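S.K.: Structure here, sequence nowhere to be found:
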């Protein structure tokens, strides 16, 4: 996929932008970058997110700049899915997208489409709670792991669907999970120089081709 050019407008974010339940935030192609009030864009765990998305929220047409702090946090979305559309990150910090799930207590439904990320030393998508993740149309470049479930944790309802993925220069894995009951579906996956595709998931993973 071809990554679109940003509009040229840059917005410096001093406090987390919260997109409420059922609301839509349209970035109109602008670039959003964090001030030091949120973090330095490194690997520190204490950083704050640029965006926080509530149940049913939509984030679209957003570019993230050089300082992404702790990226995007997704709260629980059991009844109404969260949608991220046309998101492009030029320099991922700690993680680009983290599913919080209200402390892991609730299921989150998350759709990500027409998006891209580069420069993720660690993870692009981190899942800390039961999640139904659907990624359709995503370009990942120079990353550690594209999708990671919380290390060492078993989940009751974790499914990952990847379709239309262009992954380049992954130093660790496309998908990594320690959960025994992971459901993984993949289709139209192109990988170049990605160390591990799916072999960093458990042997019990239910992997199907789309």
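M.R.: Yep, that arrived. Values in this document were obtained by computation on a predicted structure and should not be read as measured data. Numbering: from 1, shown residues only.
S.K.: And the strands in the chain?
M.R.: Here the chain has its strands, by DSSP state E, at 10-13, 17-19, 24-26, 31-34, 51-53, 58-64, 72-74, 77-89, 95-99, 108-127, 131-149, 159-176, 183-196, 206-209.
S.K.: Including mean pLDDT, could those strands go into CSV?
M.R.: Listed next are the strands of the chain as CSV, based on pLDDT from 0 to 100:
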stretch, mean pLDDT
strand 10-13, 94
strand 17-19, 97
strand 24-26, 98
strand 31-34, 95
strand 51-53, 97
strand 58-64, 97
strand 72-74, 96
strand 77-89, 94
strand 95-99, 96
strand 108-127, 96
strand 131-149, 98
strand 159-176, 98
strand 183-196, 98
strand 206-209, 96
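S.K.: now those strands as a markdown table including distance to residue 40?
M.R.: C-beta here means a position set from N, CA and C on the backbone, and glycine is covered the same way. Converted to a markdown table, the strands of the chain look like this (distance: least, CB to CB, whole Å):
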| stretch | distance to residue 40 |
| --- | --- |
| strand 10-13 | 14 |
| strand 17-19 | 18 |
| strand 24-26 | 24 |
| strand 31-34 | 8 |
| strand 51-53 | 18 |
| strand 58-64 | 14 |
| strand 72-74 | 17 |
| strand 77-89 | 16 |
| strand 95-99 | 15 |
| strand 108-127 | 13 |
| strand 131-149 | 18 |
| strand 159-176 | 22 |
| strand 183-196 | 28 |
| strand 206-209 | 38 |
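S.K.: Using a markdown table, please lay out those together with mean neighbour count.
M.R.: Output for the strands of the chain, formatted as a markdown table (neighbours: other CB atoms under 10 Å):
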| stretch | mean neighbour count |
| --- | --- |
| strand 10-13 | 15 |
| strand 17-19 | 17 |
| strand 24-26 | 14 |
| strand 31-34 | 22 |
| strand 51-53 | 25 |
| strand 58-64 | 22 |
| strand 72-74 | 26 |
| strand 77-89 | 19 |
| strand 95-99 | 26 |
| strand 108-127 | 22 |
| strand 131-149 | 22 |
| strand 159-176 | 19 |
| strand 183-196 | 15 |
| strand 206-209 | 10 |
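S.K.: Residue 28 against residue 86, yeah?
M.R.: No - if you go by CB atoms under 8 Å, residue 28 and residue 86 don't touch, sitting 10.5 Å apart.
S.K.: Common neighbours of these two, please.
M.R.: residue 61 (CB atoms under 8 Å, 6 or more residues apart in numbering).
S.K.: what about residue 202, how many neighbours?
M.R.: Residue 202: 12 surrounding residues under other CB atoms under 10 Å.
S.K.: Show the backbone phi and psi for it.
M.R.: Per-residue torsions, residue 202: phi -70, psi 150 (degrees, to the nearest 10).
S.K.: residues contacting it?
M.R.: Counting by CB under 8 Å, 6+ apart, residue 202 makes contact with 177-180, 182.
S.K.: what do you get for residue 113?
M.R.: 83-86, 135-138.
S.K.: try it again with 6 Å
M.R.: 85, 136-137 (CB atoms under 6 Å, 6 or more residues apart in numbering).
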